[in-house]
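Enquirer: predicted model and sequence below, questions to follow.
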Amino acid sequence: MREKFMRFMQGRYGMDGFSRFLLAVGAVCLLLSSLFHVRFLNYVCWVLLIYLYFRMFSRNIQKRYAEGVAYECAKAKVKAFFKGDRSMIDQAKMYRIFKCPKCSQKIRVPRGKGKIEITCPKCSSTFRKRT
């Protein structure tokens, strides 16, 4: 039986990170649907699981690989956003961060220096702010 399944899966895409994500989201939707009796979540769960199986058994490996890469890029952006947010919180103790009014470049200035004139390193415009 195992050999038959292995022959069946030969040339098919199988599981990847995006498939595991779809499976986890589908399981959470199924759990919430059963707890709160929300029929809409049940349909969402079924759609996610059908798409998961479609991806697993697909022979269009290039297309599924591109979807997986897009998922990994989106996941990296979300991680970077939250990681960057953490560093901004750590820096907020010692620095004030301003945005240039012309080019929106973020500029870090030490706290407690009073009212100073800030020069943007990107566009060389100047503006005054209180630190």
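Expert: Yes, it's here.

Enquirer: by mean pLDDT, flag the weakest helix or strand of the chain.
Expert: Lowest mean confidence among the helices and strands of the chain (mean pLDDT, DSSP states H and E): helix 61-91, at a mean of 86.

Enquirer: the helix or strand following it: partners in the sheet, and parallel or antiparallel?
Expert: Per DSSP states H and E, the first helix or strand lying C-terminal to helix 61-91 is strand 95-99. Its sheet considered, strand 95-99 pairs with strand 106-110 (antiparallel) by DSSP bridges.

Enquirer: what sits up against the partner strand?
Expert: 91, 94-100, 116, 118, 120-121, 129, 131 (C-beta atoms under 8 Å, 6 or more residues apart in numbering). Heads up, the C-betas are built off the backbone N, CA and C, glycines and all.

Enquirer: rewinding a little: show me what the least confident helix or strand of the chain is packed up against.
Expert: Here helix 61-91 touches helix 17-36, going by 3 or more C-beta pairs under 8 Å, 6 or more residues apart in numbering; DSSP states H and E.

Enquirer: CA atoms only for the helix it packs on, dumped as CSV, please.
Expert: What follows is helix 17-36, C-alpha atoms only, in CSV (Å, rounded to 0.1, in the frame of the first residue of the first chain):
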residue,chain,number,x,y,z
GLY,A,17,5.3,25.6,4.6
PHE,A,18,2.3,27.2,2.9
SER,A,19,0.4,23.9,3.0
ARG,A,20,1.2,23.6,6.7
PHE,A,21,-0.1,27.1,7.3
LEU,A,22,-3.3,26.3,5.4
LEU,A,23,-3.8,23.2,7.5
ALA,A,24,-3.3,25.1,10.7
VAL,A,25,-5.7,27.9,9.7
GLY,A,26,-8.2,25.3,8.6
ALA,A,27,-8.0,23.5,11.9
VAL,A,28,-8.4,26.8,13.8
CYS,A,29,-11.4,27.7,11.7
LEU,A,30,-12.9,24.2,12.3
LEU,A,31,-12.3,24.6,16.1
LEU,A,32,-13.9,28.0,16.2
SER,A,33,-16.8,26.9,14.0
SER,A,34,-17.6,24.0,16.4
LEU,A,35,-17.2,26.2,19.5
PHE,A,36,-19.2,29.2,18.4
